[in-house]
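Chemist: this is the structure alone, sequence omitted:
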């Protein structure tokens, strides 16, 4: 069974997918908290047990030193030494050995780096603990969990420092009892001084079985919580479908019948059958309704529906100063595209002059990515019939827009180079002024802010100030300097940033011009937004977006050449 990509799922499926992921994470969190809680209880119990055992061992040693050893010396000669009754180490080890047989797995060790009995030699881990106690003389206890022979043990360790009474058996071997020398020799266990760290007492309590049990219980907790949550989600879905979805279905059906099929349904972007539920239909219906409201606000002045021999049809997209409409030539019954100025543009002399300058420019410049003009009715331009979606919407619809980078930018760069050769600087290159046809051909339909060589610049002479979307605008254009082709190269850099990262480098729109100039100086590195961007491609973007025009590409052709080379390197 093939799982569809998330972007193609309907809203209900997305909701259940994300809800399931959240429930998994929530169940994992609770099971981890349970595991940590039970582990802390286990450690506390082991800590209490180890402390009791160490205290018992210390009590045994004190009894030997204070009771047995003086009593035997009183009954025998002063130099008598009976190992089995007078050695605190021997007695404690023997008693704890018997204890270990009754408490399976429990281990008591009394080790030294210089023991009398070689069996009590410290292992590598215990040698490290000698170093630790030497480095931390104020510490009288160490506790932790260690691995030994493939099993887990909770370990408590205490240091043992030599007292004056201990030096008879562990100081100068000439002073040691004969029985001790005869049994162990003189190689180890001597040459200690008062206060030396002579040994470490350790208690090891097995915890492998307990940890395994806690792990099993934690997994069970996860399964119970997750299963219960998913069952509750399933019943909630059934109730939601009956109480909410049915009513939403009736509402969305009414909207769809009233507004007609959406653009998504027409183009096949969102299938109108399986994979679309009532929430999707409602969303698309509201989107269509919003689009028509926006159209009504901007294009309300189109009355009547006939302009000369042309019938005005559905709106396509808004431009800077005008609206693009579908239309029909009643003389030939052929489809056309109409470009009509906004009402507030036509009544403003400055904007009306800009609109007329745009019309002349689009009549005089030819390029495959420009609309082909057919006729002109006063301030209304008639172009070839064009069908497509604005580039901004097209970018949002692509799952991986960077895969179209070469196709799109080959057209953008060629168009920009042609405009610059003709003495035109567009000054407003952004996705909203382009249409993308079904065969992925760009069509520039708006040049309302363009600068034309040898033609009086209405925007500059009227003092209107920067016109357009400041997010795409070059710093020098914000400062009022028009006519520099490198300003368009800056906008191409912004578009390239959007294509490779999926977002704009600057998102704010309602800040002052001086603030914008400061913002433009710090371009977020594309690699910080999308790590897969190659260093070569990032270099091209940042050079195109340089704050100082002299630091940018000086010609569109250079920008395109470097972009091609960077694209060959691919993404990381």
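Modeler: Now that the structure is in, tell me what you want to look at. Here the structure is a predicted model, which is why all the values come from computation and not from measurement.
Chemist: where does residue 336 fall, helix, sheet strand or coil?
Modeler: Using DSSP: H, G, I helix; E, B strand; the rest coil, the three-state assignment for residue 336 comes out as strand.
Chemist: residue boundaries of the helices in the stretch 151-300 of the chain?
Modeler: Counting by DSSP state H, counting those that start in this stretch, the stretch 151-300 of the chain has helices at residues 167-170, 178-184, 208-240, 246-259, 263-267, 278-298.
Chemist: now what about the first one, what contacts it?
Modeler: What that stands for is helix 167-170. Around helix 167-170, the neighbours that count as contacts under C-beta atoms under 8 Å, 6 or more residues apart in numbering are 81, 87, 116, 162, 175-177, 180, 189-190, 192-194, 198. Every C-beta, even on glycine, is put in place using the N, C-alpha and C of the backbone.
Chemist: check which residues of it are buried.
Modeler: Within helix 167-170, the residues that qualify as buried by neighbour count (16 or more other C-beta atoms under 10 Å) are 167, 169, 170.
Chemist: for those, give me JSON lines that also has distance to residue 124 and pLDDT.
Modeler: Listed next are the buried residues of helix 167-170 as JSON lines, based on distance: C-beta to C-beta, whole Å; pLDDT from 0 to 100:
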{"residue": "167", "distance to residue 124": "28", "pLDDT": "79"}
{"residue": "169", "distance to residue 124": "27", "pLDDT": "81"}
{"residue": "170", "distance to residue 124": "23", "pLDDT": "82"}
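Chemist: out of these, which one sits closest to residue 558?
Modeler: Here the nearest of the buried residues of helix 167-170 to residue 558, counting by C-beta to C-beta, is residue 170; it sits at 85.5 Å.
Chemist: any idea how far the closest one is from residue 372?
Modeler: Between residue 170 and residue 372 the distance is 106 Å, computed by C-beta to C-beta, to the nearest Å.
Chemist: check which helix or strand residue 110 maps to.
Modeler: Secondary structure here is read from DSSP states H and E; on that basis residue 110 sits in strand 107-111.
Chemist: which of the helices of the stretch 151-300 of the chain has the lowest average pLDDT?
Modeler: Mean pLDDT is lowest for helix 263-267 among the helices of the stretch 151-300 of the chain, at a mean of 46.
Chemist: ok, longest helix in the protein?
Modeler: Secondary structure of the chain per DSSP state H: the longest helix is helix 11-63.
Chemist: so the protein: which segments form each domain?
Modeler: Domain assignment for the chain, taken from automatic domain parsing, gives 302-384, 388-569.
Chemist: centre of the chain to the last one, how far?
Modeler: Relative to the mean C-alpha coordinate of its chain, domain 388-569 is positioned 27 Å out (C-alpha atoms, centre = their mean, to the nearest Å).
Chemist: quick one: mean pLDDT for it?
Modeler: In this model, domain 388-569 has a mean pLDDT of 88.
Chemist: tell me the angle of the strand holding residue 110 relative to helix 11-63?
Modeler: Note on geometry: by axes from the mean of the first three to the mean of the last three C-alpha atoms, to 10 degrees, strand 107-111 and helix 11-63 are set 60 degrees apart in direction.
Chemist: I'd like to know which elements the helix or strand following strand 107-111 is packed against.
Modeler: Where DSSP H and E defines the elements, the next helix or strand beyond strand 107-111 is helix 124-135. Packing partners of helix 124-135 (3 or more C-beta pairs under 8 Å, 6 or more residues apart in numbering; DSSP states H and E): strand 142-148, strand 197-206.
Chemist: so which elements touch the longest helix of the chain?
Modeler: With 3+ C-beta pairs under 8 Å, 6+ apart as the test, helix 11-63 has helix 88-102, strand 142-148, strand 151-161, strand 197-206, helix 208-240, helix 278-298 packed against it.
Chemist: hmm, try it at 10 Å
Modeler: For helix 11-63, the contact count by 3 or more C-beta pairs under 10 Å, 6 or more residues apart in numbering; DSSP states H and E identifies helix 88-102, strand 107-111, strand 142-148, strand 151-161, strand 197-206, helix 208-240, helix 278-298 as packing neighbours.
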